[in-house]
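# 3D, please:
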Amino acid sequence: MTVEHASKRIIDGYARGDTDIGADDVWALEAHLERCRQCRDRLSTALSATAPAVTAMVGTVWADLEPRLAATATMPLRRPWSARLSRWLTPTMAPWLAMVMTVTLLALLLDVADTGFGPGQVSPVLLLAPVLPVLGVAASWSRGLDPAYELTASVPRAGLPLVLRRTVSVLAVVIPALLAGGGLTGVSAAQWLLPSLAFTSTTLALGGVVGVSRAAVTLVAVWAAVVVAPALATSRTPVALQTDGLPVWGLILALGIGVVIARRGAYTVLGAHR
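Have a look, this model is predicted:
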């Protein structure tokens, strides 16, 4: 790739369907083609020269579709902000994020109402904060919740960069809400912020192996059984959420990020949506 346009070698290889082109080069080319008409024309020319059978097939399909498209009412153009938003969110993420916000609000109300959680005792907001982002992350990269999952997982551009975009979009909504809830209830962000990020990175790391949804459900279930249930039974802040455990959470976060980077190619496989 050059600064302005794709090289002839990359375009010709892409047109031929060469398998020796690096995934990063393919990703960069597809991203460039979206905004460069000149390179799209070059690709069309290269495709006609290197794969005439494909060109003939496309021509046949287009000849059949053109009359039908002409008779079909034109769909309104998507607004620029809507197109940019679709790069960060799936259509089904809004209800899930609303659910996460509702759970946060309920935990806040329980804490403020002092329903058995007095001073010095465990806070519902503190118990739920580490795993709430995980629910949104699971929804952002789930086969059952993304109507375009096959298309999303089949192109090189939709790998780790898209996973990170959607994860950031979840954290951008959930973290401020938790910060506000913690401020109202006196829960320090130092107690839950690092565990939240560690859980998120671990979900993505395990998601590259067993699927993000399965990883999220497993981690939430383990957290509920090992931490939440005993904390509610004893009305004490669990050791995992005390300041002494922060170095361990930092290590888990670092390991999760390392695994995600090392297995970045796994997020272009359909299995990552399970």
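
# Let me know the next secondary structure element after the helix or strand where V222 lies.
V222 belongs to helix 212-223 when assigned by DSSP states H and E. As assigned by DSSP H and E, the chain's next helix or strand after helix 212-223 is helix 229-234.

# Give me the residues contacting that following helix.
Helix 229-234 is contacted by residues 122, 127, 237-238 when judged by C-beta atoms under 8 Å, 6 or more residues apart in numbering. C-beta: built from backbone N, CA, C; applies to glycine.

# What mean pLDDT does the next helix or strand after it get?
Later in the chain than helix 229-234, the nearest helix or strand by DSSP H and E is helix 246-262. Here helix 246-262 scores 90 as its mean pLDDT.

# What residues sit buried inside helix 246-262?
Buried positions in helix 246-262, judged by neighbour count with 16 or more other C-beta atoms under 10 Å: 246, 249, 252-253, 256-257, 259-260.

# in this protein, which spans are helices?
8-16, 23-35, 37-50, 52-71, 80-86, 93-113, 124-128, 132-140, 149-154, 160-185, 189-210, 212-223, 229-234, 246-262 (DSSP state H).

# what comes into contact with the third one?
The list of residues contacting helix 37-50 from outside it, by C-beta under 8 Å, 6+ apart, reads 5-6, 8, 11-12, 14-16, 32-33, 54-55.

# How many neighbouring residues does E66 have?
Using other C-beta atoms under 10 Å, E66 has 10 other residues around it.

# That should have said R214, apologies.
Neighbours of R214 under the rule other C-beta under 10 Å: 16.

# and the gap between it and R166?
Plainly put, R214 is 17 Å away from R166 if you go by C-beta to C-beta, to the nearest Å.

# I figured L206 hits L219, correct?
Yes: counting by C-beta atoms under 8 Å, L219 is a contact partner of L206 at 7.4 Å.

# circling back to that earlier point, take the buried residues of helix 246-262 and write them to CSV, including distance to A70.
Shown next, in CSV, are the buried residues of helix 246-262 (distance: C-beta to C-beta, whole Å):
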residue, distance to A70
L246, 63
W249, 60
I252, 58
L253, 55
G256, 52
I257, 51
V259, 51
V260, 47
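
# out of those, who's nearest D20?
For those, the closest approach to D20 (C-beta to C-beta) belongs to V260, at 25.8 Å.

# mind listing what the residue lying closest to G207 once chain neighbours are set aside touches?
Spatially, and ignoring its direct neighbours in sequence, G207 is nearest to A215 (4.5 Å; C-beta to C-beta, 6 or more residues apart in numbering). Contacts for A215 (C-beta under 8 Å, 6+ apart) come out as 138, 202-207, 209.
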